[in-house]
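>>> let me see the structure of the following:
(2 chains)
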Amino acid sequence: MTNLPPDLEKRFTELWTDYLEGDLEDSGMEELRKMLSAHEELQKQAIDLFRTHRLLGFIAIEDPSGNNQFIQETMARLPEDSDSFTRDVLERLDSRLPVYSGDVSEKSSQNDKRALRNLVGGSGWIVAALLIITLPFIWYNANQQEDLPVSANDQKPVGDVRFKNISQAQFFGELSPRSESLLTQKREYVLLSGLVELAFPKGASAIVEGPAIFRVLSDECLALDVGQCSVHAPDGAEGFRVETPVTRVVDRGTRFVVNVSETSETEVHVVEGIADIYRHTDKQLKKQSPDKDRERLTEASRNENFELRLRDQEAYRVNEDKMFSAEPATFNPSIYRSQLPDRVVSYSATKGPDGKAEFLTDVTVQRGGKMLHYPVDKMIPVEVTYFKAAPGVDSNGHFAGGASLSDPRIDLLSDRALNTGVINPGGSQTPLETDPVLQSPDGDPQGLTQGLALKFQTPVKNGPGPDIVFFELQTLSNPPQGDGFHVSPLKFSPGRKSHTIQTYDLSISSPECQELTQFHLYAFDKNIASLNELQTTECTSKPIRLKFWVLAVGIDLSDLGYLPGEEVQEIFIQDTQDDRNTVDPVFVGGLP
Amino acid sequence: MPDSTPDIKDCEISIDDCLRRVLQGEKEFFEAVVRQFERPLRAWLAVQSPPGVDVDEIAQQTFIAAYTRLEEYEPGTNFAAWLFTIARYQLKTETTRLRRIADYHSRYAPDLLQRELDRHDDEPPEMWLVRVESLQKCLESLGDSLRQYVNWRYREEIPLEEMARRSNRSVTAVKKQLWQIRQKLQQCVEKRISKMQRPVS
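Just a heads-up that it's a prediction; the model follows:
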């Protein structure tokens, strides 16, 4: 009890409760501030209650698995060694605090690290205290936008070769780079899957397809150790070359494809123009070649300075295992890629209170080779018309939502919020080949098809490239490429088919993929076998503290067998049920 | 094949042993350090941080900073005190950053609150673990209906309007109820702590 007038205490109770609940308006805040300034007794009470409030929050989220998660996350964030930490800090000092940059050159970083250590070790507590203050600050700021492991592409780039476009690219041991970022010369890039388009300063471009290992040797030279690339060198870019372990392909104004197998066998297909192939001389290899092998060299390759000019629609295969050989190959124009596939390129979203993605605002999609921009209010919203989960109770529930559920609940998929959706529908390992069964004549849900039926507000026309955009939420412990799903016509007819999506255009490793703001999952105590049950069954919410990201993929109605220009109003979604993860749609929209 | 994972439990005997092993390059021994101090550190940060601060983020930054600066720690001295000093700096950096955000004060933190939090930062950090444990005991002694409010508010984080709907009361009544629960718990914790601190006669 306090000795304060009851009215004052009552008002303080109201204001401080509102403050703790986040409900206090500006006028109330001012009143509270004055009240606290005037009464020390209230200050003490406020602090005590604030701390109890915070401890209650701490206890609520604390459980053994939560602690383990914290510990594992902390261990994962530790730098490899102190040297790398110091190096990172010095590099960040270099880029973010120009006042220090004169002292921190790449060449002298080792000396600087030692100097820093000596400074800490020998110059007393003032310097140490300064470092304690500044290093965490620098570290903190440097990490504000680097929650995910950074791409190794952030090594200091040399030259002016850029990643122009990226499609579903997965690199070994690093995140996918951002479009328009520079490549580091002579650094090995291991592209596990997907495609990247490299832009060279004089206008040449190369589309590299994973799996591939490549390096940029100069502003006019790409080294392809294994994999395939399609090169276009327009006027002005003549002389651009691709080096493989056995050849050097020099462009003379052309479009060509270079394919290098794991045994270094190289095929060159010239789609248009002229390309010259030279033997990639390797003195060590020549020395090791026994004379008897040399006798078997083809006529063309007897000359160690082998060179061959390829013209339109010609192909050649070059090999150098124990001996050098070169022979014509069957020309295949279909392997040439003039552009990256149509896809969802990026999206924008408003930020929630934690600065993470909340409401979708627009999507950029490549359709028919053109980059098109769609504000969310121009997209065609969907309505959930059917839902059936897999047998059993899904502990993650079937809704992602805010602190309370909207009414009707199924609107969570059509609203613009990326942290709300109708999640974990049922599915099938085998995609549908006939119409899904959505109604049972005897009312028995047993024979009904698992999945999610969606109806667009107005029909979606099958245009070039993706016609529908599909977003889902995903955390790091889920498949980084996204949860696979089948998309099928609701009504099958000759030529129509299901299409399976296993890799999203924007996966967790894509820099365009955004971290999701807070949300809740809504779980049910029973299996959900119908839309009605989904709408009406009591469910409990659980705030989610793990980090989630929003993945996106485009759906091309042509992949479902629809003809160009054909209109589609309904589709059916099923999880692929190929692992323990289930697809979590949070937004689906048709492109106008 | 023998298990090469070090026996982390060994470190419970001496945190300095663990730190020594970390300095020798056995990074995995740092896990024992995190395990031992994460709870008091997070509890301390929870009560010491104004709204808007991501407590776990600051706690992780503290451990990372401690790991990278471990050579500066003098074995045999108080590691907890050293760790909490780093945490204090980390928190200060973050609150400074938040203060720089426009209208932060008006939205979240009366400056007085922060000043008072700093002023009342006189309890040893390990005391906050005692407070956590006392609060847990006090929570257990709450009646089911009152504990339900705590669950709604802190575990499920549902809005006041929803709590009012579920309890069939007005939002104002729910606010008042929460106030009373916090006060009750606060008094219970103080009582338990003063009992603990009372000299045995």
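>>> by proximity to chain B, which residue of chain A wins?
Nearest residue of chain A to chain B (C-beta to the nearest C-beta) works out as A:A60 at 3.7 Å. Using the backbone N, CA and C atoms, a C-beta is placed for each residue, glycine as well.
>>> ok, residues contacting the strand or helix carrying A:R215?
Assigned by DSSP states H and E, A:R215 falls within strand A:205-218. Strand A:205-218 is contacted by residues A:159, A:161, A:164, A:169-170, A:183-200, A:222-232, A:242-243, A:337, A:339-340 when judged by C-beta atoms under 8 Å, 6 or more residues apart in numbering or on different chains.
>>> again, only using 7 Å
Contact partners of strand A:205-218, identified using C-beta atoms under 7 Å, 6 or more residues apart in numbering or on different chains, comprise A:159, A:161, A:164, A:169-170, A:183, A:185-199, A:222-232, A:243, A:337, A:340.
>>> so how do I select the buried members of the residues you listed in ChimeraX?
Entered in ChimeraX, the line below selects the buried ones among the contacts of strand A:205-218, by 16 or more other C-beta atoms under 10 Å in any protein chain shown:
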select /A:159,161,164,169,170,183,185,189,190,191,194,195,196,197,198,199,222,223,224,225,226,227,228,229,230,231,232,243,337,340
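>>> which stretches of chain B have low pLDDT?
For chain B, the stretches with pLDDT under 70 are B:1-13, B:96-116, B:118-122, B:125, B:197-201.
>>> and the residue of it closest to chain A?
Closest residue of chain B to chain A, C-beta to the nearest C-beta: B:Y154 (3.7 Å).
>>> my guess is that residue contacts A:L55. True?
No: B:Y154 is beyond contact range of A:L55, at 9.7 Å (criterion: C-beta atoms under 7 Å).
>>> so which of those two has more stuff around it?
A:L55 (24 against 20; other C-beta atoms under 10 Å in any protein chain shown).
>>> that one: which element?
When elements are assigned from DSSP H and E, A:L55 belongs to helix A:40-61.
>>> and A:Q518, how many neighbours does it have?
Neighbour tally, A:Q518, other C-beta under 10 Å: 17.
>>> and it, how far from A:V583?
Per C-beta to C-beta, to the nearest Å, A:Q518 is found 21 Å from A:V583.
>>> can you check A:R255 too?
A:R255 is 39 Å from A:V583, where distance means C-beta to C-beta.
>>> between these two, tell me which one has more neighbours.
Higher neighbour count among A:R255 and A:V583: A:V583, with 25 against 21, using other C-beta under 10 Å.
>>> go ahead and confirm the more buried one touches A:G482.
No: with contact defined as C-beta under 7 Å, A:V583 does not reach A:G482; the gap is 8.1 Å.
>>> now the common contact residues for these two.
Common neighbours of A:V583 and A:G482 are listed as A:E472 (criterion: C-beta under 7 Å, 6+ apart).
>>> low-confidence ranges, chain A, go.
For chain A, the ranges with pLDDT under 70 are A:1-2, A:62-66, A:80-158, A:281-306, A:321-322.
>>> so which residue is dead centre in the chain?
No chain was given, so I picked chain A. Chain A has A:S510 as the residue nearest its centroid, 2.5 Å off, counting by C-alpha atoms, centre = their mean.
>>> my bad, the chain I had in mind was chain B
Residue closest to the mean C-alpha point of chain B, counted by C-alpha atoms, centre = their mean, is B:A43 at 1.2 Å.
>>> ok, now which ones touch that residue?
Contacts of B:A43 (C-beta under 7 Å, 6+ apart): A:55, A:58, B:128-129, B:132.
>>> can we see that at 10 Å?
Applying C-beta atoms under 10 Å, 6 or more residues apart in numbering or on different chains, we find B:A43 in contact with A:54-55, A:58-59, A:62, B:55, B:59, B:125-133, B:135.
>>> hang on, the earlier thing: burial check on the nearest residue to the residue of chain B closest to chain A once chain neighbours are set aside, number of neighbours?
For B:Y154, ignoring the flanking residues on the chain, the nearest one in space by C-beta to C-beta, 6 or more residues apart in numbering or on different chains is A:A60 at 3.7 Å. A:A60 has 17 neighbours, counted by other C-beta under 10 Å.
>>> wait, isn't A:A60 in contact with A:K542?
No: in this structure, A:A60 is not within contact of A:K542 by C-beta atoms under 10 Å, at 11.2 Å.
>>> where do the contact lists of these two overlap?
B:155-157.
>>> kindly write the PyMOL command that selects the buried subset of these.
To isolate the buried members of these in PyMOL, using 16+ other C-beta under 10 Å:
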select buried, chain B and resi 155+156+157
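>>> make JSON lines out of the shared contacts of A:A60 and A:K542 and add secondary structure.
Below are the shared contacts of A:A60 and A:K542 laid out as JSON lines (DSSP: H, G, I helix; E, B strand; the rest coil):
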{"residue": "B:R155", "secondary structure": "helix"}
{"residue": "B:E156", "secondary structure": "coil"}
{"residue": "B:E157", "secondary structure": "coil"}
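>>> tell me the contacts of the residue nearest to A:E472 when sequence neighbours are not counted?
Distances taken as C-beta to C-beta, 6+ apart put A:D584 closest to A:E472, at 4.7 Å, once the chain neighbours are dropped. Taking C-beta under 10 Å, 6+ apart as the criterion, A:D584 is in contact with A:396, A:398, A:400, A:421-425, A:471-475, A:478, A:482-483, A:485, A:521, A:548, A:551, A:575.
>>> if we go to 6 Å?
Contacts for A:D584 (C-beta atoms under 6 Å, 6 or more residues apart in numbering or on different chains) come out as A:423, A:472-473.
>>> if you count contacts, what does the helix holding A:L55 end up packed against?
On a contact count with 3 or more C-beta pairs under 6 Å, 6 or more residues apart in numbering or on different chains; DSSP states H and E, helix A:40-61 meets helix A:6-20, helix B:30-48, helix B:171-197.
>>> tell me the most buried of those?
Across those, the average number of neighbours (mean count of other C-beta atoms under 10 Å in any protein chain shown) peaks for helix B:30-48, which reaches a mean of 23.
>>> now do the helix or strand harbouring A:R252: distance to the chain's middle.
Here A:R252 sits within strand A:247-260, counting by DSSP H and E. Distance, stretch centre to chain centre, for strand A:247-260: 31 Å (C-alpha atoms, centre = their mean, to the nearest Å).
>>> understood, closing this out.
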